[in-house]
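*Asks:* okay, sequence plus prediction incoming.
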Protein chains: 2
Amino acid sequence: MTTERGSATIKDVAAAAGVGIATVSRVFSGTGAVSDRTRERVLAAARELDYRPSALGRGLRLRRSGGIGLVVPDVTDPFCAGLVDGVLACARSLGEHLVLDAAHGDPAREAEIVDRLVEQRLDGVIALPAATGSGEGWRAAVRSGARVVFADRALPGLHEIPAVLADDRSGVRALVEYLVGLGHRRIAFLGAAAPGAAAGVRERAFRDTLAELGVTPDEGLIVSARPARDSAYAAAAGLLQRRTDVTAVLAAGHLLGEAAVLVARELDLRVPADVSIAMVDDVPWAELCDPPLTVVARPAYDMGYRACEMLLRDRPRRAAGPVLLPTELVIRGSCGPPRSPRTASSRATGR
Amino acid sequence: MTTERGSATIKDVAAAAGVGIATVSRVFSGTGAVSDRTRERVLAAARELDYRPSALGRGLRLRRSGGIGLVVPDVTDPFCAGLVDGVLACARSLGEHLVLDAAHGDPAREAEIVDRLVEQRLDGVIALPAATGSGEGWRAAVRSGARVVFADRALPGLHEIPAVLADDRSGVRALVEYLVGLGHRRIAFLGAAAPGAAAGVRERAFRDTLAELGVTPDEGLIVSARPARDSAYAAAAGLLQRRTDVTAVLAAGHLLGEAAVLVARELDLRVPADVSIAMVDDVPWAELCDPPLTVVARPAYDMGYRACEMLLRDRPRRAAGPVLLPTELVIRGSCGPPRSPRTASSRATGR
DNA sequence: CTGAAAGCGCTAACAA
DNA sequence: TTGTTAGCGCTTTCAG
């Protein structure tokens, strides 16, 4: 009867099989050559003892843990979840495990997490970094030897860190073109207020595309909210109440889109008859909505997968600039021609 | 100029600070006493070298990695995501990191994952185990020394593994009582087909409650689907087309609920005028739906948090039976009185 | 093909 | 208060 304390070690197996520990190691690490007879004996002994090689021992010796880290703002966010899923898939295919944590947009917390990940001697870490903060935590991580790849968002000062992003510019452009094509001129932009520079991409694309199409952006229709439900709702409500002349709203994220939908319902605005709504990011509820929401889908899963590949395979990749993944305009039922087609009457539309 | 290969070690820091490695260890592990002057020197040297203690070395010595494992069916499922979030919160508060993986309902894959987690010498692993399969992987994990706690679902043969579950029985009961109270008699049950025994809880609660209320369960109204979108949709469509007399459907999960909503819309059934819909599991879209869906909310976050606590704090906890967390009936707008109120005419309600 | 031995970076006695 | 030393479980020369 084996009264083990803790789990069996390579030494136990060696003893039980009557071989040296090196042989056991060879059997389990697949290295070197072992005769079939010996291998069988070792395997039998191991099975008997419920032996599992310790990743700790191996990791120490190999100086790598065989895992990667992933830090996202929030695992319950469908976009983040998709990203995690992609990373998980790639990591698994490469035989790595995943250490996950959520920073909830707090740079300090993020820095703590990164520190912790660095201590784990992970083979690399992928991050959808917090928009605020200096990114000093990331710089420090790189200094102490960590390999880092950003996903979905790159940080202003950190161009030495490779990144895989969605082509938001094209996505927003496609959406604006679609809306303008439908006849909309007074399109509102519901954006996220990000102290960092990166977040402005969508808003800039919005303005630029509008201008290119000969529509002068109306500053009063461009509002932004903090990335939280209440703030998003307040922004949407403020906008839709203040400006009854908007015919379409482009929400720059699913939280903003949710707010727009809720507010429209609250205000008894029919979609798309009274107001068209579209948003960036495809999420499950977009299809369940009535009418289903037209969106710009961003490849969350692919971004995760790609980031992981980049981290683990294309190691030397660097200054080539961020990888941009294509977005897709998914037209559903939430956008239509503007309320009062200028073809019918040209009287002021203010209600 | 320090041209380090890999990261600095405790030895490097000791040398740079002119102290012994034990002192450095004391400074970083918080153990023992170190004079302020020495501590400062050590810290300065460490900072200079960008030193981070290696969790690998420490883990090997301490024979624990300071992390826990979590395996769920699918990280993109909102319920799972909530669970992960809860585990993350608790783990973080206890200073542990989280190794996450998804088994996608495949017992073989799950077994692989568990194997891998055991090798990591985690302090424990939490699982929302696959419904199918023998659970042999879990038994083996326990044998080789892993501490395991189940969340959301326990496995039939594994009563020695503690579990924290939602009180589904009460949840379904409350929902059925509510529906019957509204006047419904022909209530359909859309369940998930689970070869394992555990999944039957909701269906059993459905039947029992109905019976207690004097309503004979109609076998033709109890259907089940595989836990996938297409299967759920097919089941819902089949049901609603075949049985035009149902006045309410109780979906046993959010995928099923989604299917019911979609099918009802497809069939031009107004909710709740033509048919009432309610489901188990609260998810973001339930509120965005029109009308918002009445649901039984199950405490995903709490279950994760609790499971983690149980794993890390209440270590001896065992045979006391599973911990049941309360569910909550969230009444929104998707349920109303049945189509043809029996108060109007008393003609036979039999199909 | 196999075994003995030397560490990987760290903590914990034990001495000083 | 501090340094020395002996491993934790594993891989990997280097001999045999």
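*Replies:* Everything's here; your move. Numbering: from 1, shown residues only, chains lettered A, B, ... in the order given.
*Asks:* count the neighbours of the residue in the stretch 51-200 of chain A that DNA strand C sits nearest to for me.
*Replies:* Here the residue of the stretch 51-200 of chain A nearest DNA strand C is residue A:61; by C-beta to the nearest atom of the strand that distance is 3.5 Å. In this view, the C-beta of every residue, glycine as well, is placed from N, C-alpha and C. The local packing count at residue A:61 equals 11, with neighbours defined by other C-beta atoms under 10 Å in any protein chain shown.
*Asks:* you'd agree residue A:114 is up against residue A:136?
*Replies:* No. Under the contact definition of C-beta atoms under 8 Å, residue A:114 does not touch residue A:136, with a separation of 10.2 Å.
*Asks:* which residues does stretch A:55-62 contact?
*Replies:* Contacts made with stretch A:55-62 from outside it, assessed by C-beta atoms under 8 Å, 6 or more residues apart in numbering or on different chains, are listed as A:10, A:29, A:65-66, A:121, B:54, B:56-57, B:59-60, B:63, B:65, B:119-121.
*Asks:* distance check, residue A:267 against residue B:258.
*Replies:* Separation of residue A:267 from residue B:258 (C-beta to C-beta, to the nearest Å) stands at 27 Å.
*Asks:* so between these two, which is more surrounded?
*Replies:* For residue A:267 versus residue B:258, neighbours defined as other C-beta under 10 Å are more numerous around residue B:258 (25 against 14).
*Asks:* which strands or helices does the helix or strand that contains the more buried one pack on?
*Replies:* Secondary-structure assignment from DSSP states H and E places residue B:258 in helix B:254-266. Contact analysis of helix B:254-266 by 3 or more C-beta pairs under 8 Å, 6 or more residues apart in numbering or on different chains; DSSP states H and E lists helix A:284-288, strand B:187-192, helix B:229-242, strand B:248-251, strand B:276-280, helix B:284-288 as its packing neighbours.
*Asks:* re the thing from before, surely the residue of the stretch 51-200 of chain A closest to DNA strand C forms part of a helix?
*Replies:* Yes. The assignment for residue A:61 by DSSP: H, G, I helix; E, B strand; the rest coil puts it in a helix.
*Asks:* just the pLDDT at it, thanks.
*Replies:* For residue A:61, the model assigns a pLDDT of 96.
*Asks:* before we move on, back to that, between residue A:114 and residue A:136, point out the one with more neighbours.
*Replies:* More crowded of residue A:114 and residue A:136, by other C-beta under 10 Å: residue A:114, with 25 against 12.
*Asks:* isn't there a helix covering the more buried one?
*Replies:* Yes. Residue assignment for residue A:114, taken from three-state DSSP, places it within a helix.
*Asks:* check contacts around it.
*Replies:* A:71, A:125, A:127, A:137, A:138, A:140, A:141, A:146.
*Asks:* and for residue A:127?
*Replies:* Counting by C-beta under 8 Å, 6+ apart, residue A:127 makes contact with A:70, A:71, A:72, A:110, A:114, A:138, A:148, A:149, A:150, A:151.
*Asks:* swap the cut-off to 6 Å and go again
*Replies:* Neighbouring residues of residue A:127 by C-beta atoms under 6 Å, 6 or more residues apart in numbering or on different chains: A:71, A:150.
*Asks:* doesn't residue A:329 make contact with residue A:295?
*Replies:* No. Assessed by C-beta atoms under 6 Å, residue A:295 is found out of contact with residue A:329, at 7.9 Å.
*Asks:* so between the two, which is more surrounded?
*Replies:* In this comparison of residue A:295 against residue A:329, neighbours counted by other C-beta under 10 Å, the higher total goes to residue A:295 at 27 against 17.
*Asks:* what secondary structure does that one sit in?
*Replies:* Following three-state DSSP, the label given to residue A:295 is strand.
*Asks:* run through the residues that contact it.
*Replies:* Residues counted as contacts of residue A:295 (C-beta under 6 Å, 6+ apart) are A:279, A:282, A:286, A:330.
*Asks:* how near is the residue nearest to it when sequence neighbours are not counted to residue A:142?
*Replies:* Sequence neighbours aside, residue A:282 is the residue nearest to residue A:295 in space, at 4.7 Å (criterion: C-beta to C-beta, 6 or more residues apart in numbering or on different chains). Plainly put, residue A:282 is 33 Å away from residue A:142 if you go by C-beta to C-beta.
*Asks:* chain center to stretch A:88-97, what's the gap?
*Replies:* Per C-alpha atoms, centre = their mean, to the nearest Å, the displacement of stretch A:88-97 from the mean C-alpha position of its chain is 17 Å.
*Asks:* does chain B have contacts with that stretch?
*Replies:* Yes. Looking at stretch A:88-97 against chain B by C-beta under 6 Å from any C-beta of the partner chain, the contacts come from A:88, A:97.
*Asks:* buried ones in that stretch?
*Replies:* Judged by neighbour count (16 or more other C-beta atoms under 10 Å in any protein chain shown), stretch A:88-97 contains these buried residues: A:88, A:89, A:90, A:91, A:92, A:96, A:97.
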